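Student: Mind folding the following:
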Amino acid sequence: MNIYSLPVKGGSDGGAFVTADDMVSLWDALLNKLLLSQEYTRKLLTPFTQTKKLTGFYGYGIWIEKRNNSVVKYHIMGYDPGVSFHSAFYPNSLITTVYAQINLMVPITLRERLKMNYC
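Tutor: The predicted structure is shown next:
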């Protein structure tokens, strides 16, 4: 990790400490309404603003990708010098992915391959 560009310890600006298993459990609990009520889960997963990308949207702290007016991916991510993190849930295929790498290029390549097959 690049200690000159990132906080050594996680904080509200990023640098969270999480495992891939933690993220899979988080998606499972969120989507099964074990973390939030049905109303707040729906609000969290609702697109509120469109990004520059025609298929991209943002909700309450979660990125949302839509195709033909249907959600194809929910995701969260974080990229900093030397580290990268991306986790997604694909509702059509019920696939959850988690990529956490020290090398930025690996998750991008894997994400693009997954995107070609499931989005």
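Student: which other residues reach the host helix or strand of Trp27?
Tutor: Assessed by DSSP states H and E, Trp27 sits inside helix 20-31. Contacts to helix 20-31, defined as C-beta atoms under 8 Å, 6 or more residues apart in numbering, come from residues Leu34, Leu35, Leu36, Thr41, Leu44, Ser87, Phe89, Thr96, Val98, Ala100. For every residue, glycine as well, the C-beta is placed using N, CA and C.
Student: do the same with stretch 32-39
Tutor: Looking at stretch 32-39 with C-beta under 8 Å, 6+ apart, the contacting residues turn out to be Leu26, Asp28, Ala29, Leu30, Thr41, Leu44.
Student: try 6 Å this time
Tutor: Applying C-beta atoms under 6 Å, 6 or more residues apart in numbering, the set of residues contacting stretch 32-39 from outside is Ala29, Thr41.
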